[in-house]
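Sequence and predicted structure, then a few things I'm wondering about:
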Amino acid sequence: MATAPIPTPLTPTRTAALVAVAAGLLAALLALWAIDSAAIAAGFLAAALIIAGAAAAYRLLAPAAPAAPSDTDWTLARSLVAASDDAVAVTDRAGRLVCANDAFQSLFRGFPTPPGLPLDDAGVAALGAAGRAAWRDGEGRADRLQLDDQRLSASVSRAGADADLLVWRFATAVEQDLAGTLATLLAGPTGAQLGRNGVMAALIEADGRVRAANPVLAQRALGRSDAELVGRDFAHLLITDSRGLVRFEREGLEGTPLRVVQIPFADGDDGPVLVALLDDEDGTPAIGASASAHVRSLVSLMPFGMALVDRDGRFLQMNDAFLRAAQVDASAPPLYPGDLVVREDKGAVADAVRRFAGGATHSADMAVRLKHHPDEPVALTIAGARGLGDAAVLLSLKDNSEETRLKREVAQATKMQAVGQLAGGVAHDFNNILTAIIGHCDLMLMRHSPGDSDYDDIQQIRANSNRAAALTRQLLAFSRQQTLRPQVLQLPDVVSEVSNLLKRLMGETVRLDVHHGRNLGAVRADPGQLEQVVVNLAVNARDSILAANPRGGGTLTIRSEAVSTAEVRALGNDVLPPADYTALIVSDTGGGIAPEIIGKIFEPFFSTKDKFKGTGLGLSVVYGIVKQSGGWIFAESPPGEGARFTIYLPVHAAGPVARVPTRAPAKPVETWGTGTVLLVEDEDMVRAVAERALTRQGYSVLTAEHGEAALELLETSGRPDLLISDVVMPTMDGPTMVAKVRERYPDLPVIFMSGYAEEQLRRSIDLDQVAFLPKPFSVQQLAEAARDALARV
């Protein structure tokens with residue numbers, strides 16, 4: 001698939017996150033008026049701000065789903081990356097840009113290849129180091145990258161089935177976006193509301209100058225509007241007396257003492273700081289049990305994982321979200337944070353907790369592996385807590401379950417694509433062998449009549465060869481390389497066409513229920529292949545029902561229904577793109593699918609049936625047909641409810657609906673002919689059987705083993721009546737050779753024979769008026785193709 005940019009992410013999500021976090025910070029300031037002690041208020045404010053900062057990190061820095069290789073199913077990858085608000089790019093092992101989304105193009109004004117981005121030398125070096133770390137360790141990170149007037153952070157992760165890709169994700173630094181949002185809120189109605197509740201707040205830049213302030217602070221500090229306060233040195237607005245009490249310079253030493261609370265929400269010393277000023281009538285800092293309980297109540301209400309740790313490194317409190325994210329049994333909680341992680345990470349966690357409990361400022365993020373899920377690193381944020389009673393350290397643990405699920409889905413899609421390519425290649429080579437076997441059987445049957453001693457043996461060989469040919473068609477179906485004949489149709493027509501067959505397949509013990517919804521949109525698909533999908537799912541359902549209840553009594557239900565775009569969005573499925581679909585649901589009352597294997601059921605040759613009772617290709621074929629038809633398939637197995645497969649096929653917007661034709665038995669046709677046929681095929685066994693078959697039908701046959709040999713032969717033999725060629729050959733392939741021949745003979749009829757799908761070949765063959773003969777083919781099919789091609793001249 002072409003490396004087209006991924007659709008633009010939805011930026012309102014990021015904006016909403018910033019506004020929510022900033023509003024949370026200022027709402028925390030609002031709560032200060034309800035707390036009697038200024039020190040209690042300051043501690044409560046700091047805790048709330050730290051929590052809000054963790055929320056910002058959670059909402060704004062959530063990692064994007066890793067990209068799949070460029071030859072995988074990009075529909076899935078596009079859906080996953082579109083969920084990210086960040087600029088995303090994918091590079092391969094050779095350092096080439098494989099894919100990038102529109103946010104990346106907008107941010108960097110084009111598609112430069114990481115790490116060679118328009119950054120300063122230090123930024124490029126840091127980005128290169130992050131890339132090397134990702135190749136080595138699987139993850140890398142670079143912070144404080146400067147792009148013009150923007151500060152960026154970058155995370156790099158290794159991805160792909162063969163770990164041969166790097167996913168680069170760039171996000172605008174949280175403190176930069178958050179500072180702008182806070183400045184807007186402080187200068188607006190929110191800042192005024194803070195003032196009415198006795199809270200003066202200002203946003204101070206790293207150089208100490210005021211970026212924004214609420215009106216009450218400007219009035220107290222200057223006696224006039226806040227506009228004149230912006231750009232002033234904040235320190236010059238305050239004075240300190242001999243006892244260390246802080247007052248406004250304008251009010252002098254007789255003014256009301258102030259409690260100053262500083263909340264840095266960015267790492268380092270060059271980030272902005274939110275400063276809150278509270279009137280402190282008595283200047284006696286203290287914190288009581290009621291305030292500590294209030295903070296714990298606040299932590300328990302947080303929607304994301306938060307925990308409090310005392311100065312000895314013991315847990316004081318873990319909220320419900322933290323318990324879920326850490327997969328902790330609430331009845332037997334761990335004593336220390338190190339008890340949550342694997343043995344290799346215990347020391348690093350303990351050292352970080354000890355450092356922050358001892359007075360370290362700001363916060364730190366750590367990638368740790370939980371004891372119950374060691375294969376998936378999670379982000380643990382650690383920050384020092386002041387004014388929270390016994391609590392000395394705040395921990396925030398992000399629930400990565402959704403991200404992990406998306407990663408597994410991408411990995412599964414990548415694996416399925418890789419296996420499909422392998423299966424398609426094997427099927428192509430196998431088709432050449434089967435073409436020779438079936439052709440020789442046909443030639444032998446021409447010399448034997450029923451009753452001969454060898455006739456039945458030859459028929460048995462031919463029958464088994466046809467079974468093998470069906471197996472290769474299943475492999476091609478899984479790899480999405482089979483030939484489809486799509487038409488616009490209604491799903492109820494397809495189900496109706498196979499309903500009698502399904503009733504016979506179900507037998508007397510399994511009941512078949514069919515229900516069709518109203519206002520179903522037409523879909524574009526191959527009716528024969530859709531029938532194969534329904535039959536395969538029905539046979540699997542029957543086997544599951546009989547395995548669960550050998551005496552029968554189960555029910556197979558087939559339903560079709562319309563699914564609108566709004567309903568798709570309401571499903572909350574990250575993989576299914578929003579669109580109008582017609583859904584086909586096949587459910588049963590069997591034993592269901594075990595959770596540990598439901599992710600493997602679409603893999604080829606995976607089967608839960610007894611040995612010799614299945615090929616393991618039934619669901620693989622279903623998967624391939626649905627994906628090649630532009631649809632989606634999902635398997636579910638709720639406990640005690642059997643299995644349910646839901647297929648979503650996009651509604652076709654235009655075109656008449658075709659009725660599924662009833663198949664009529666083929667009538668024998670005359671295949672004798674005359675003329676000269678040039679046969680070009682690199683496989684000796686296929687060339688030999690095709691030459692003999694055409695000769696027996698009355699044609700004069702010229703043969704060549706590749707394209708260059710065919711061109712040399714035409715120099716001496718003159719124009720043939722028909723050209724039959726393989727597509728993929730050494731030295732010169734079929735399409736190149738035919739293009740050169742057409743320069744001399746523009747109207748020469750051509751037949752391409754190949755084990756690959758016709759649709760796949762036609763996309764790569766820019767030639768008109770060519771016929772296609774899929775391998776393996778019989779002598780009869782080859783003769784009919786030659787007759788039809790000559791008849792069109």
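Arrived safely. The structure presented is a predicted model; accordingly, all values stated were derived computationally and were not measured.

Test my guess that residue 356 contacts residue 381.
No. Residue 356 lies out of contact with residue 381 (CB atoms under 8 Å); the separation is 10.7 Å. Just so you know, the C-beta spots here come from the backbone N, C-alpha and C atoms, and that holds for glycine as well.

joint contacts of those two?
Residues touching both residue 356 and residue 381 by CB atoms under 8 Å, 6 or more residues apart in numbering: residue 364.

now the strands for the stretch 651-793 of the chain?
Here the stretch 651-793 of the chain has its strands, by DSSP state E, counting those that start in this stretch, at 676-680, 700-704, 722-726, 750-754, 770-774.

ok and the third one relative to strand 770-774, angle-wise?
Computed with axes from the mean of the first three to the mean of the last three CA atoms, to 10 degrees, the direction of strand 722-726 lies at 50 degrees from that of strand 770-774.

Would you mind listing the buried residues in strand 722-726?
Buried residues in strand 722-726, counted by 16 or more other CB atoms under 10 Å: 722-726.

Can you redo these as TSV, where the extra columns are pLDDT and distance to residue 506?
Shown next, in TSV, are the buried residues of strand 722-726 (pLDDT from 0 to 100; distance: CB to CB, whole Å):
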residue	pLDDT	distance to residue 506
722	93	48
723	94	49
724	94	45
725	92	46
726	89	44
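
Check the residues you listed against residue 372 and report the nearest one.
Residue 372 lies nearest to residue 726 out of the buried residues of strand 722-726, by CB to CB, at 55.6 Å.

ok, the residue nearest to that closest one when sequence neighbours are not counted - contacts?
In space, and not counting its chain neighbours, residue 726 is closest to residue 681: 4.7 Å by CB to CB, 6 or more residues apart in numbering. Counting by CB under 8 Å, 6+ apart, residue 681 makes contact with 687, 690, 703, 705, 725-726, 729, 753.

min pLDDT across those, which one?
Within the contacts of residue 681, the minimum per-residue pLDDT falls on residue 729 (84).

wait, that residue sits on residue 709?
No. Taking contacts as CB under 8 Å, residue 729 lies outside contact range of residue 709: 9.6 Å.

Residues in contact with both of those two, list them for me.
Common contacts of residue 729 and residue 709 (CB under 8 Å, 6+ apart): residue 680.

Neighbour count for the two, which is higher?
Applying other CB atoms under 10 Å to residue 729 and residue 709 shows that residue 729 carries more neighbours, namely 22 against 17.

how far away is the more buried one from residue 722?
According to CB to CB, to the nearest Å, residue 729 and residue 722 sit 18 Å apart.

and what of residue 369?
Separation of residue 369 from residue 722 (CB to CB): 66 Å.

what does residue 305 give?
As judged by CB to CB, residue 305 and residue 722 stand 72 Å apart.

quick one, phi/psi of residue 439?
phi -60, psi -40 (degrees, to the nearest 10).

Not counting sequence-adjacent ones, nearest residue to it?
Nearest to residue 439 is residue 689, by CB to CB, 6+ apart, at 3.4 Å.

So which residues of the stretch 351-500 of the chain form strands?
Remark: strands assigned in the stretch 351-500 of the chain by DSSP E, counting those that start in this stretch are 363-370, 373-388, 391-397, 487-489.

In terms of mean pLDDT, which of these ranks lowest?
For those, mean pLDDT drops lowest on strand 373-388, to a mean of 76.

Tell me the strands beside that one, with direction?
Here strand 373-388 has these sheet partners by DSSP bridges: strand 363-370 (antiparallel), strand 391-397 (antiparallel).

returning to that earlier point: check what pLDDT the residue nearest to residue 726 gets.
On the pLDDT scale, residue 681 is placed at 91.

how far away is it from residue 148?
Residue 681 is 60 Å from residue 148, where distance means CB to CB.

got it, and residue 275?
As for residue 275, its distance to residue 148 is 28 Å (criterion: CB to CB).

With neighbour numbers in mind, choose between the two.
residue 275 (19 against 8).

export the helix or strand in which the more buried one is found as CSV, just CAs?
Counting by DSSP states H and E, the element that carries residue 275 is strand 273-279. The C-alpha coordinates for strand 273-279 follow below in CSV (Å, rounded to 0.1, in the frame of the first residue of the first chain):
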residue,chain,number,x,y,z
VAL,A,273,5.1,28.9,37.9
LEU,A,274,1.6,29.4,39.2
VAL,A,275,1.7,31.6,42.3
ALA,A,276,-1.3,31.9,44.7
LEU,A,277,-1.4,34.6,47.4
LEU,A,278,-3.6,34.1,50.5
ASP,A,279,-4.2,36.6,53.3
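
same for that strand, what does it pack against?
Judged by 3 or more CB pairs under 8 Å, 6 or more residues apart in numbering; DSSP states H and E, the packing partners of strand 273-279 are helix 38-60, strand 200-204, strand 258-264.

ok, it: who's next to it in the sheet?
Looking at strand 273-279 with DSSP bridges, its partner strands are strand 200-204 (antiparallel), strand 258-264 (antiparallel).

Just give me how far that strand sits from the chain centre.
Relative to its chain's centre, strand 273-279 lies at 44 Å (CA atoms, centre = their mean, to the nearest Å).

Report the buried residues of that strand.
Neighbour count says strand 273-279 has 273-278 buried, by 16+ other CB under 10 Å.

Distance to residue 337 and pLDDT added to these, as JSON lines?
Output for the buried residues of strand 273-279, formatted as JSON lines (distance: CB to CB, whole Å; pLDDT from 0 to 100):
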{"residue": "273", "distance to residue 337": "28", "pLDDT": "78"}
{"residue": "274", "distance to residue 337": "28", "pLDDT": "80"}
{"residue": "275", "distance to residue 337": "31", "pLDDT": "83"}
{"residue": "276", "distance to residue 337": "30", "pLDDT": "83"}
{"residue": "277", "distance to residue 337": "35", "pLDDT": "83"}
{"residue": "278", "distance to residue 337": "33", "pLDDT": "82"}
